[in-house]
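1. No sequence on hand, only this structure:
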């Protein structure tokens, strides 16, 4: 019996990976969505917003908690978490539990913090 479903979609060469993690079954808890944003790609952040909006509108993810990883924070021109929050319109998600975490995938900075948050959210929804 599978407890997790993972789906990855590459939306562009420098866009980053959008990952949907519908953790556990619907009988156990709500699904979780991990959305990874390339914080150095200012030209495509609007495309990322559109993709996130599309994903959150899917019936399967209607009640999903949302973790946004703001990746590539090691680069000098990277947008910070507050800027990405504004550009993705996260404050408008009033009925959804969400968290944004600055990360650097090459060093691992921020990854465990974000995953810990998601894990705690999913455990608390049993």
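-> Yep, that arrived. Values in this document were obtained by computation on a predicted structure and should not be read as measured data.
2. in stretch 55-66, what's buried?
-> Neighbour counts using 16 or more other C-beta atoms under 10 Å place 55-56, 61, 64-66 of stretch 55-66 among the buried residues. Just so you know, the C-beta spots here come from the backbone N, C-alpha and C atoms, and that holds for glycine as well.
3. Confirm that residue 100 sits in a strand.
-> Yes: when the secondary structure is assigned by DSSP: H, G, I helix; E, B strand; the rest coil, residue 100 falls within a strand.
4. what bridges to the closest residue to it other than its chain neighbours?
-> Spatial nearest neighbour of residue 100, excluding adjacent residues (C-beta to C-beta, 6 or more residues apart in numbering): residue 68 at 4.4 Å. Residue 68 has the following beta-bridge partners by DSSP bridges: residue 35, residue 100.
5. In this protein, what helix or strand scores lowest on average pLDDT?
-> Among the secondary structure pieces of the chain, namely its helices and strands, strand 17-23 has the lowest mean (mean pLDDT, DSSP states H and E), a mean of 40.
6. before we move on, the earlier item: relative to residue 107, how far out is the residue nearest to residue 100?
-> From residue 68 over to residue 107 the distance is 19 Å, taken as C-beta to C-beta, to the nearest Å.
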